[in-house]
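Novice: Sequence and predicted structure, then a few things I'm wondering about:
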Amino acid sequence: TYPCLQPSDTIAFRVNVTKYFESLRSSVVRPGSHVSAAKGHQLSSQPSQAVAWWWSAIVVRKSLLEECFGDKFERMLLALSTHALFVQIQTNNNVDPKSSDLAVHKIF
């Protein structure tokens, strides 16, 4: 759980966050796997199938969350924030992301 109150909690937190990132990435890259391995939650796959090409180049590792720096770590955070942005836009506007006026260029 967050916030981590004891130093021993940080290991379990990083493991859970890594599992969540990997399950989110897997649900996008392999659309047949929608259930999170971390908590069994149903992941939103509607926007991910349409526009989430950025997850295909992302590597999710626990060591990235332990070190919290580097190009791969920044790409992972960028992919997560971009995914959250598109989910929010689609949810609020009920618009297909492919037909929206928001232009996104492939940066990876």
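Specialist: Structure received. Numbers count the residues shown, from 1 in each chain.
Novice: Toward the C-terminus, what is the element adjacent to the helix or strand of the chain with the lowest mean pLDDT?
Specialist: Least confident helix or strand, the chain: helix 46-51 with a mean of 48, by mean pLDDT, DSSP states H and E. Sequence order places helix 62-67 as the next helix or strand after helix 46-51, per DSSP states H and E.
Novice: Go through that following helix and flag the buried ones.
Specialist: By neighbour count on 16 or more other CB atoms under 10 Å, the buried set for helix 62-67 is 64-65. Yep, even glycine has a C-beta here, placed from its N, CA and C like the rest.
Novice: Return the very next helix or strand once past it as CSV; C-alpha atoms alone will do.
Specialist: With elements assigned by DSSP H and E, the helix or strand that comes after helix 62-67 is helix 71-93. C-alpha atoms of helix 71-93 as CSV (Å, rounded to 0.1, in the frame of the first residue of the first chain):
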residue,chain,number,x,y,z
ASP,A,71,15.9,6.3,-20.4
LYS,A,72,13.9,3.1,-19.9
PHE,A,73,12.4,4.3,-16.7
GLU,A,74,11.4,7.6,-18.3
ARG,A,75,9.8,5.8,-21.3
MET,A,76,7.8,3.6,-18.9
LEU,A,77,6.5,6.7,-17.0
LEU,A,78,5.8,8.4,-20.3
ALA,A,79,3.8,5.4,-21.6
LEU,A,80,1.8,5.2,-18.3
SER,A,81,1.0,8.9,-18.4
THR,A,82,0.1,8.9,-22.1
HIS,A,83,-2.2,5.9,-21.5
ALA,A,84,-3.9,7.6,-18.6
LEU,A,85,-4.4,10.8,-20.7
PHE,A,86,-6.0,8.9,-23.6
VAL,A,87,-8.2,6.9,-21.2
GLN,A,88,-9.4,10.1,-19.6
ILE,A,89,-10.0,11.9,-22.9
GLN,A,90,-12.0,9.0,-24.2
THR,A,91,-14.0,8.6,-21.0
ASN,A,92,-14.8,12.3,-20.7
ASN,A,93,-15.6,13.0,-24.3
